[in-house]
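A.B. asks: Fold the following for me, if possible:
(chains A and B)
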Protein chains: 2
Amino acid sequence: MARWEPNAAQRLAVAALELFDERGYDHTTVLDIAQRAGLAKSTFFRHFQEKREVLFGEDPLTGPLVAGITAAPAAATPLEAVAQGLDALGQEVFTPARHPFVARRRSVIDAHDDLQEREALKGLHLTASLTRALTDRGVAALTAEVAAQLGALALKTAYERWSGAGGTEEFGALARRVLGEVEAAASGL
Amino acid sequence: MARWEPNAAQRLAVAALELFDERGYDHTTVLDIAQRAGLAKSTFFRHFQEKREVLFGEDPLTGPLVAGITAAPAAATPLEAVAQGLDALGQEVFTPARHPFVARRRSVIDAHDDLQEREALKGLHLTASLTRALTDRGVAALTAEVAAQLGALALKTAYERWSGAGGTEEFGALARRVLGEVEAAASGL
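C.D. replies: From the prediction side, this is the model:
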């Protein structure tokens, strides 16, 4: 019987990103990753279907983002609700401790067109979840779509700035500022 | 030597959509498509790499959309420039004559998750082209991104309404109205 390995998925993901950084994504095998993590290759395949899944297997963003939007006061505007979702991402996902991991993951993805496409598709699913979280609050359909598009743009822009910098600025504060810039641009069109 | 077949790509695309409609996408082969179009299978492969490319081989939208934006008067706001791009789509792509083709293509894509993903990725490339067309007009980067997102949302919504209805309404007029709704939603957030 397979031995239970605590935190195996996370250890594999960290090992994979180290190796992608050192050797490049194309020159890293699943066996390399398992060995670096001190785990068996079979353990890798209990957690991920293929090498690429180390980067895309989990979706850590949708849950906190939707929960933050849902928890916003009933009187909050759509964009205020989105801002609370972005705050939740700063508390749970884009934390200082996770900054090196996030920055490495991004640099691997940016270097490969097919990984970028996959990431872009994830972004579309996230935008759809944002829209649903807003319509669930009673926001009208088209308004929810507009707010979700602007929220997704703010999230992407804040993520790029945060992961590209040292990670010292709190993500939630940064994302709220970017959302304000996006809102100002939208109302001045 | 291969005989030159006039309009082969378009005949193949029309035949393919007829068959997808009658038999389903999964139950239509490249040979079926070529035979329906009265062409050889080899002619199909001179125009398309695989069956799916009949739906995605050409990108008829980016050219007219970008040209319309570029041709807008220098004093036009970003969204006015986008509206001129949408007008161009109504004149060149979403015409009454092409309505049956567009509606059929959409129903095939809507029925298949992988085709929907491919269509969504095309939408992302289109949005990126929109952004570039606006920055080329001197629009600031974030403003261009916001206007491109709103323009892409208006285009998608107008396309869904136009292809879902009888196609009697002029696409450009419909798209301008939707863009106005999107703009109103954005400024009232």
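
A.B. asks: any chance you could map the helices in chain A?
C.D. replies: Secondary structure of chain A (DSSP state H): helices located at A:8-23, A:30-36, A:41-47, A:53-56, A:62-71, A:78-92, A:99-110, A:113-135, A:141-164, A:171-187.

A.B. asks: Save those as a markdown table, and put in distance to chain B and mean neighbour count too.
C.D. replies: C-beta: built from backbone N, CA, C; applies to glycine. Compiled in a markdown table, those are given as follows (distance: least, CB to the nearest CB, whole Å; neighbours: other CB atoms under 10 Å in any protein chain shown):
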| stretch | distance to chain B | mean neighbour count |
| --- | --- | --- |
| helix A:8-23 | 23 | 19 |
| helix A:30-36 | 25 | 18 |
| helix A:41-47 | 24 | 16 |
| helix A:53-56 | 13 | 20 |
| helix A:62-71 | 14 | 19 |
| helix A:78-92 | 5 | 22 |
| helix A:99-110 | 15 | 17 |
| helix A:113-135 | 5 | 17 |
| helix A:141-164 | 4 | 22 |
| helix A:171-187 | 4 | 20 |
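
A.B. asks: Mean pLDDT and distance to residue B:116 for those - can I get that in CSV?
C.D. replies: Supplementary listing: the helices of chain A in CSV, determined by pLDDT from 0 to 100; distance: least, CB to CB, whole Å:
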stretch, mean pLDDT, distance to residue B:116
helix A:8-23, 90, 28
helix A:30-36, 96, 30
helix A:41-47, 93, 28
helix A:53-56, 88, 18
helix A:62-71, 96, 19
helix A:78-92, 96, 25
helix A:99-110, 91, 22
helix A:113-135, 92, 10
helix A:141-164, 96, 17
helix A:171-187, 95, 27
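
A.B. asks: what's the closest of these to residue B:115?
C.D. replies: helix A:113-135 (13.1 Å; CB to CB).

A.B. asks: which helices and strands does that closest one pack with?
C.D. replies: For helix A:113-135, the packing partners by 3 or more CB pairs under 8 Å, 6 or more residues apart in numbering or on different chains; DSSP states H and E come out as helix A:53-56, helix A:62-71, helix A:78-92, helix A:99-110, helix A:141-164, helix B:113-135.

A.B. asks: Looking at those helices, which is nearest to residue B:39?
C.D. replies: Once those are compared by CB to CB, helix B:113-135 is nearest, at 23.2 Å.

A.B. asks: Would you mind pulling the contact partners of that closest one?
C.D. replies: Applying CB atoms under 8 Å, 6 or more residues apart in numbering or on different chains, the set of residues contacting helix B:113-135 from outside is A:117, A:120-121, A:124, B:25, B:52, B:55-56, B:59, B:61-62, B:65-66, B:69-70, B:78, B:81-82, B:85, B:108-110, B:141, B:143-145, B:147-149, B:151-152, B:155-156.

A.B. asks: Please report phi then psi for residue A:188.
C.D. replies: When quoted as degrees, to the nearest 10, the phi and psi of residue A:188 stand at phi -100, psi 10.

A.B. asks: still on that earlier bit, okay, the helices and strands packed on helix A:113-135 in a markdown table with distance to residue B:6 next?
C.D. replies: As requested, these are exported to a markdown table (distance: least, CB to CB, whole Å):
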| stretch | distance to residue B:6 |
| --- | --- |
| helix A:53-56 | 45 |
| helix A:62-71 | 50 |
| helix A:78-92 | 52 |
| helix A:99-110 | 44 |
| helix A:141-164 | 42 |
| helix B:113-135 | 27 |
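
A.B. asks: Which among the ones you listed is found nearest to residue A:39?
C.D. replies: Of all the helices and strands packed on helix A:113-135, the one in closest proximity to residue A:39, counting by CB to CB, is helix A:53-56 (12.5 Å).

A.B. asks: now do the same end-to-end measure for stretch A:29-49.
C.D. replies: 13 Å (CA to CA, to the nearest Å).

A.B. asks: residue contacts, residue A:37?
C.D. replies: Per CB under 8 Å, 6+ apart, neighbours of residue A:37: A:8, A:11, A:12, A:14, A:15.

A.B. asks: how close does the residue positioned nearest the centre of chain A sit to chain B?
C.D. replies: Centroid check for chain A by CA atoms, centre = their mean gives residue A:61 as the closest residue, at 4.8 Å. For residue A:61, the distance to chain B equals 18 Å [CB to the nearest CB, to the nearest Å].

A.B. asks: residue contacts, that residue?
C.D. replies: So residue A:61 contacts A:89, A:93, A:126 (CB under 8 Å, 6+ apart).

A.B. asks: what's the answer for residue A:162, then?
C.D. replies: Residue A:162 touches A:94, A:99, A:102, A:169, A:171, A:174, A:175, counting by CB under 8 Å, 6+ apart.
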